[in-house]
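Student: Here's a sequence, model it:
(2 chains)
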2 protein chains.
Amino acid sequence: MEYPSKLLTDIVDEIAKLPGIGKRTALRLALHLLKQPVDQSENLSQAIIKFRTEVKHCEVCHNISDKPVCDICRNPSRQHNLVCVVEDVRDVMAIESTGEYRGVYHVLGGLISPIDGVGPSDLTIDKLLKRLENQLIDEVVLALSATVDGDTTNFYLYRKIAELPVSPQISTIARGIGVGEELEYADEVTLARSILNRIPFEKSIKQNS
Amino acid sequence: MEYPSKLLTDIVDEIAKLPGIGKRTALRLALHLLKQPVDQSENLSQAIIKFRTEVKHCEVCHNISDKPVCDICRNPSRQHNLVCVVEDVRDVMAIESTGEYRGVYHVLGGLISPIDGVGPSDLTIDKLLKRLENQLIDEVVLALSATVDGDTTNFYLYRKIAELPVSPQISTIARGIGVGEELEYADEVTLARSILNRIPFEKSIKQNS
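Tutor: Down below sits the predicted model:
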């Protein structure tokens, strides 16, 4: 498609570089901005460039943070000997919103992905290993996606952590049938895991209440 | 959801103001930008603000244009006595890509929509009427969406154009079953229109070749 203006071509090209947004949607969004007050475009433009150039990461867990050390890592009432390893800030937010986890986090900033050219050195794995060497940590919970990249990263981390002079206990989050999900619609792998990793009934009753 | 950083809150809020983009998608897009080179965010930010503040419209047809008068309006080989009225630049691009239309356009910049608070004075209707008074125009093709707002705008324009001292012929684009579409899946209104507005078979054969 040919656009009648270079400015329009530029904005459509740039918006369409975002994942999941095609040229048609980009054009729709650009024309939408044109109907809104100039303020909205100014704020959007500012928010993008400020976020990208000024955002900071917690020195300890690498979560996005405005302070050098994030609120979770500075909180004395959290269990600092329990570290949950996640892919990115969205996972931290999701786990925090359950209100059930009292430990701290380590944000990898991605997953090892040979196809996308992401290696261990692109992530914060070295910093995690240093953290495990220098701090007293009893348990590491690997909470990564159940995908090929997630599994690759899990195995890499497991091997590296096991090689440490003093290695903590390593666990992963439970896979199984979602609460409220129907058994017959679950995939076989998930169903099999939920049977193999069954838990005492009394324990499950306690968690429901 | 609580975000761990004000910069992140700001970018998510601003992106989520765009139509069809929720907070989750906005967060995903923001985190995507973080993994890309700073250039990409700079270009996106620049393209947005430049488009919004510097974009110009053709003085004649109000299509988006880098020049005071757009390429279509300046083209001497187009039929300047045939004006197609459309909602926005996307419709111009769509009709141009068919290669079948040799007239010129008038871009309204929206549709009359009492629900969204868009009245005739928010659109370029006055300029269209002036254009029809001052230029020799034989036919106006109304090519608006077949929606409530589209119909409202069609009727408003029809009345206003008929009130002119010398009013051109007014036509609307044909509604019917799409080429390659199956009859049984078409809605009744469209199917009814396609039968009521049937055309001579010889004419349709010529258009196929």
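
Student: what residue ranges in chain A are flagged as low confidence?
Tutor: A:1, A:209 (pLDDT under 70).

Student: per-domain residue ranges of it.
Tutor: A:6-54, A:77-173 (automatic domain parsing).

Student: who wins for proximity to chain B among the ones you listed?
Tutor: domain A:6-54 (3.6 Å; CB to the nearest CB). Where C-beta positions appear, they are placed from N, C-alpha and C, glycine not excepted.

Student: which SS state does residue A:126 fall under?
Tutor: Judged by DSSP: H, G, I helix; E, B strand; the rest coil, the three-state class of residue A:126 is helix.

Student: okay, now the closest residue to it other than its chain neighbours: neighbour count?
Tutor: With sequence-adjacent residues excluded and distances taken as CB to CB, 6 or more residues apart in numbering or on different chains, residue A:126 is closest to residue A:120, at 7.9 Å. Neighbourhood size, residue A:120 [other CB atoms under 10 Å in any protein chain shown]: 15.

Student: got it, and residue A:155?
Tutor: 12.

Student: Against which helices or strands is the helix or strand where it lies packed?
Tutor: Assigned by DSSP states H and E, residue A:155 belongs to helix A:148-162. Counting contacts by 3 or more CB pairs under 8 Å, 6 or more residues apart in numbering or on different chains; DSSP states H and E, helix A:148-162 is packed against helix A:125-134, strand A:139-142, strand A:169-172.

Student: List the contacts of that helix.
Tutor: A:85, A:87, A:108, A:111-114, A:118, A:120, A:123, A:125, A:128-129, A:132, A:140, A:142, A:144, A:167-168, A:170, A:172 (CB atoms under 8 Å, 6 or more residues apart in numbering or on different chains).

Student: where does it sit relative to the chain's centre, distance-wise?
Tutor: How far helix A:148-162 lies from its chain's middle: 16 Å, per CA atoms, centre = their mean, to the nearest Å.

Student: can you tell me which residue is nearest the centre of chain A?
Tutor: residue A:88 (2.4 Å; CA atoms, centre = their mean).

Student: So that one versus residue B:38, what's the distance?
Tutor: Separation of residue A:88 from residue B:38 (CB to CB, to the nearest Å) stands at 19 Å.

Student: Residue A:70 too?
Tutor: 23 Å.

Student: ok, those two, which is more surrounded?
Tutor: The residue with more neighbours, out of residue A:70 and residue B:38, is residue A:70; 25 against 12, by other CB under 10 Å.

Student: got the contact list for that one?
Tutor: Here residue A:70 is in contact with A:58, A:60, A:61, A:63, B:4 (CB under 8 Å, 6+ apart).

Student: Same check on residue A:164?
Tutor: Contacts of residue A:164 by CB under 8 Å, 6+ apart are A:129, A:132, A:133.

Student: Just give me the neighbour total for the last one.
Tutor: When counting by other CB under 10 Å, one arrives at 12 neighbours for residue A:133.

Student: Isn't it up against residue A:163?
Tutor: No - counting by CB atoms under 8 Å, residue A:133 stays clear of residue A:163, with 10.9 Å between them.

Student: So which elements touch the longest strand belonging to chain A?
Tutor: Using DSSP state E, we find that the single longest strand of chain A is strand A:79-86. When contacts are defined as 3+ CB pairs under 8 Å, 6+ apart, strand A:79-86 sits against helix A:89-98, strand A:103-107, helix A:125-134, strand A:139-142.

Student: export those to TSV and tack on distance to residue B:151?
Tutor: Formatted as TSV, the helices and strands packed on strand A:79-86 follow (distance: least, CB to CB, whole Å):
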stretch	distance to residue B:151
helix A:89-98	44
strand A:103-107	53
helix A:125-134	60
strand A:139-142	58
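
Student: Of those, which stretch is the most buried?
Tutor: Between these, strand A:103-107 has the highest mean count of neighbours, a mean of 24, where neighbours are mean count of other CB atoms under 10 Å in any protein chain shown.

Student: Residue A:5: neighbouring residues, count only.
Tutor: Using other CB under 10 Å, residue A:5 has 21 neighbouring residues.

Student: and residue A:60, how many neighbours?
Tutor: 21.

Student: okay, now the nearest residue to it once chain neighbours are set aside: neighbour count?
Tutor: By the measure of CB to CB, 6+ apart, the closest residue to residue A:60 outside its immediate chain neighbours is residue A:73, 4.3 Å from it. Residue A:73: 20 surrounding residues under other CB under 10 Å.
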